[in-house]
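A.B. asks: Sharing a model that was predicted from the sequence below.
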Amino acid sequence: MGCSKFSMYNFFFLIMVFSIVLGQKNDQIMLSDRDSLVSFMSMIVSDPFHVLESWNSSNIHVCNWTGIVCDMRIHRVVELDLSHHSLRGTISPSISGLSFLQILDLSGNLLHGRIPSGLGDLVKLNQLSLSSNLLEGEIPNELGFLHELKYLDLGTNNLSGAIPLSLFCNCSASLQYMDLSNNSLRGEIPMDDHCELSGLKFLLLWSNELVGEVPIALSKSTKLEWLDLESNSLSGELPSDILGSCIALEYLNLSSNSLEGPLPSSIGRLPYLKEIDVSFNVLSGDIPQTFQASSTLQNLNFSYNHFSGNVTDTGAFSSLMMSSFMGNSKLCGSVQGMKSCHKKKGRHFIITILLSLLITPIFCVVGYPLLLRSRFRNQFASFNKSKVIEDVEQGGGRKEQKYPRISRMQLIEATGGFSSSSLIGAGRYGRVYKGVLKNNMSIAVKVIDTKGGGEISGSFKRECQILKRTRHRNLIRIITTCSRPDFKALVFPLMPNGSLENHLYPSHGLRHQLDLAQLVNICSDIAEGMSYLHHYSPVKVVHCDLKPSNILLDYNMTALITDFGISTLVKAVEENTNPIDESVTYNSTDGLLCGSIGYIAPEYGMGRRASTKGDVFSFGVLVLEIVTGKRPTDVLFQQGSSLHEWVKSQYSHKLEAMIDEVLQRCRIVQRDSNIWHDIVLELIELGLMCTQYNPSTRPTMLDVALEIGRLKQYVSTSSNSVTEDVTTKS
């Protein structure tokens, strides 16, 4: 009995000792992870939203730190997610000590420096996202040995060098998502018969400097759903079996490369393909009928190639506009705006019959080359007529010319070596020059200051990204880009009427030339463009720098919004979201105060992120400036107030005098001054409403656009009535 009792005590004692030892071992393991995280934190030099405060507290367990998830069965950190917190610093190599880490997400910050090669030691990692930072250098070869990696996103950084072969060879069994887009990666896409990605579903390599052909090994990626190789320097033909085997493909973008030869008909047979963009290449031949017969295709872009043949507005092409086919001079058909085929064919058919009846066979043989020459001349004349129609975008009044790829040398020649006489503007990120190409087309070249480092590079990429994904009659259209490590430029059509600022404040003592109807139309154009950016664009955009110098005027005095260098992309939210939180920013402007002095929303000065309501404030200042003719900076520095406060004070006591001054400046005649009095009053009230101090009380740009649209209609109706009345009296 005594022995039995002793054995029981020993058993419980051993269990207690084992538990203590195991607990100490777990604490030591967790202490190791804690040390790695503390070392990581030491490399973060700026934490504007204080997300790492909990990391500094000794009273908070490491598993309760912000962004940390632990697996308590093994007492290890398995997830580190500090995405979109504007953290500034470098990624510490000590992070490789988190040996059980499965998810690492540091995207959407301001991290710079190189990607630590030690990340290749995190063998259990299945998700790695470092996108939208300022990381530079080459992609570590070691990342290719993460055999459990399923998700890899290194997009929108400053990475350079070749894509490691290991990424395509060693991750082939598990990798489903790879995004290396918007960097400066060079060389060929490293895929061959021995290096395939059989499980890959998403491959995004757009906006790099990749060369060579589209790899044949892609045909083995039968699960591929999304392929984006836009804006590289890929060349060669597209063999029919490259993409025709990717039966799961839904989205295909090969635009802005140097691909040539025919477009494989097998791509049009893909059963799930919804969108294809092959614009700005050198593809030739007929557009295969398989694309027109597709029941799944929704968006197609074949523009600016060398396609030829007849295109009918049936099947998948029934909803397409001419913009999907522009820049293909040998295309004809029944698509709206496209030159017709049948008339010319009928004419030449009749000519051929007459020749065959009236001329001897021998003479036909001799005259056949002349017939071809005549046909070519007729086609060329017809093409010139249709080109005029094609060149005017519907409703926009802007001329859209076909521009080829433009090299740096061509830009130097066009601008006289970027001479001072060609300089027409300068900003925080570069200078703008006017130029003329060899085909006599006038262009504006925005040359980016590449010495500014990551901030400038981020501005260039951000502007490219926005301009490529937005299309509206009141937004400037980009022609092309020229991007090299030592030279970056954006090429736009030259606006003949300059900027709104030039018209509001003419140089050399010239009079203000814009009448009130034009000013209302310009306000309406700006509101429409901003409403599109906030509410309808595929990528929602906060402009952040709305002011007169960023509003250009085309041939017909249509206003175009430009300069998206510090703009912020935003995520769309659900319809039931609170209006004040209608967007959530995910790209920062590097901690800079968004905008220009006098137009900056007051909440930005208190550290608030850029928002659509900030743009509404800038628009309101712009309206008040247009109406009063006063610069917001003049009021700020000379009278110690804001333009909003100054107009508000005038509104209370000197409203009629202010309106009379506006009417006199805009040369409104006495007989119709009552009409314009009401219009000026509405503009003033709208400007005051948009510039309210509290963002939540400001209207949306959608509301503003509707209100000014109504005012624009009233102006048009009133002007017609006045004209008719004057005509009757005379």
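C.D. replies: Good, I have the coordinates. Numbering: from 1, shown residues only.
A.B. asks: hang on, Val541 packs against Leu467?
C.D. replies: No: if you go by Cβ atoms under 8 Å, Val541 and Leu467 don't touch, sitting 10.1 Å apart. (Glycine included, C-beta is placed from N, CA and C.)
A.B. asks: what is in contact with these two at once?
C.D. replies: Phe564 (Cβ atoms under 8 Å, 6 or more residues apart in numbering).
A.B. asks: Comparing these two, which shows the higher neighbour count?
C.D. replies: Using other Cβ atoms under 10 Å, the more surrounded residue of Val541 and Leu467 is Val541, with 27 against 20.
A.B. asks: sec struct for that one, please.
C.D. replies: strand (DSSP: H, G, I helix; E, B strand; the rest coil).
A.B. asks: for the stretch 251-400 of the chain, what spans make up the strands?
C.D. replies: Counting by DSSP state E, counting those that start in this stretch, the stretch 251-400 of the chain has strands at residues 251-253, 258-261, 275-277, 282-286, 299-301, 306-311, 330-333.
A.B. asks: now the spatially most central residue of the chain: how far from Cys544?
C.D. replies: Centroid check for the chain by Cα atoms, centre = their mean gives Ile466 as the closest residue, at 2.1 Å. With distances taken as Cβ to Cβ, to the nearest Å, Ile466 is found 11 Å from Cys544.
A.B. asks: cool, Met41 as well?
C.D. replies: Distance, Met41 to Cys544, by Cβ to Cβ: 30 Å.
A.B. asks: The two: who's more crowded?
C.D. replies: Neighbours per residue (other Cβ under 10 Å) separate Met41 from Cys544, with Cys544 holding more: 26 against 18.
A.B. asks: Tell me which of the strands of the stretch 251-400 of the chain lies nearest to Glu661.
C.D. replies: strand 299-301 (50.1 Å; Cβ to Cβ).
A.B. asks: Direction included, what does the closest one pair up with?
C.D. replies: Next to strand 299-301 in the sheet, as set by DSSP bridges, lie strand 275-277 (parallel).
A.B. asks: tell me the contacts of the closest residue to Ile412 other than its chain neighbours?
C.D. replies: Excluding the flanking residues, the one nearest Ile412 by Cβ to Cβ, 6 or more residues apart in numbering is Phe418, at 6.7 Å. Shown in contact with Phe418 (Cβ under 8 Å, 6+ apart): Leu411, Ile412, Arg431, Tyr433, Val445, Val447.
A.B. asks: so where's the stretch 51-200 of the chain uncertain?
C.D. replies: 171-172, 196 (pLDDT under 70).
A.B. asks: now the strands: where do they sit in it?
C.D. replies: Secondary structure of the stretch 51-200 of the chain (DSSP E, counting those that start in this stretch): strands located at 68-71, 76-81, 88-90, 103-105, 110-113, 127-129, 134-137, 151-153, 158-162, 177-179, 184-187.
A.B. asks: and those strands as TSV, adding distance to Ser329 and mean neighbour count?
C.D. replies: Output for the strands of the stretch 51-200 of the chain, formatted as TSV (distance: least, Cβ to Cβ, whole Å; neighbours: other Cβ atoms under 10 Å):
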stretch	distance to Ser329	mean neighbour count
strand 68-71	58	17
strand 76-81	52	20
strand 88-90	51	18
strand 103-105	48	19
strand 110-113	47	19
strand 127-129	44	20
strand 134-137	43	19
strand 151-153	40	21
strand 158-162	38	17
strand 177-179	36	21
strand 184-187	33	18
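A.B. asks: Please convert those strands to CSV, extending it with distance to Leu297.
C.D. replies: Converted to CSV, those look like this (distance: least, Cβ to Cβ, whole Å):
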stretch, distance to Leu297
strand 68-71, 42
strand 76-81, 37
strand 88-90, 44
strand 103-105, 34
strand 110-113, 40
strand 127-129, 31
strand 134-137, 37
strand 151-153, 28
strand 158-162, 33
strand 177-179, 24
strand 184-187, 30
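A.B. asks: Could you point out which of those sits nearest Lys712?
C.D. replies: Minimum separation from Lys712 across these (Cβ to Cβ) falls at strand 110-113, 42.2 Å.
A.B. asks: so what strands line up beside the closest one?
C.D. replies: Using DSSP bridges, the strands paired with strand 110-113 are strand 88-90 (parallel), strand 134-137 (parallel).
A.B. asks: Of all those, which one comes closest to Asn301?
C.D. replies: Asn301 lies closest, by Cβ to Cβ, to one member of those: strand 134-137, at 31.6 Å.
A.B. asks: So what touches that closest one?
C.D. replies: Residues from elsewhere that reach strand 134-137, judged by Cβ under 8 Å, 6+ apart: 91, 110-115, 154, 157-161, 454, 457-458.
A.B. asks: 7 Å instead, please
C.D. replies: Leu110, Leu111, His112, Gly113, Arg114, Ile115, Asn157, Asn158, Leu159, Ser160, Gly454, Gly458 (Cβ atoms under 7 Å, 6 or more residues apart in numbering).
A.B. asks: Now Lys648: closest residue in space, sequence neighbours ignored.
C.D. replies: For Lys648, the spatially nearest residue (Cβ to Cβ, 6+ apart) is Leu688, at 6.2 Å.
A.B. asks: What count of nearby residues applies to the residue lying closest to the residue nearest to the centre of the chain once chain neighbours are set aside?
C.D. replies: Closest residue to Ile466 apart from its sequence neighbours, by Cβ to Cβ, 6+ apart: Phe564 at 4.5 Å. The tally of other residues near Phe564 (other Cβ under 10 Å) stands at 27.
A.B. asks: Would you quantify the distance from Phe564 to Leu706?
C.D. replies: As judged by Cβ to Cβ, Phe564 and Leu706 stand 24 Å apart.
A.B. asks: Compute the distance between the closest residue to Leu111 other than its chain neighbours and Glu275, please.
C.D. replies: Spatial nearest neighbour of Leu111, chain neighbours left out: Asn133 (4.4 Å); criterion: Cβ to Cβ, 6+ apart. Using Cβ to Cβ, one gets 28 Å for the distance from Asn133 to Glu275.
A.B. asks: Neighbour count for these two, which is higher?
C.D. replies: Each of Asn133 and Glu275 has its neighbours counted (other Cβ under 10 Å); Asn133 has more, 26 against 16.
A.B. asks: Next, work out how far apart that one and Lys461 are.
C.D. replies: Per Cβ to Cβ, Asn133 is found 12 Å from Lys461.
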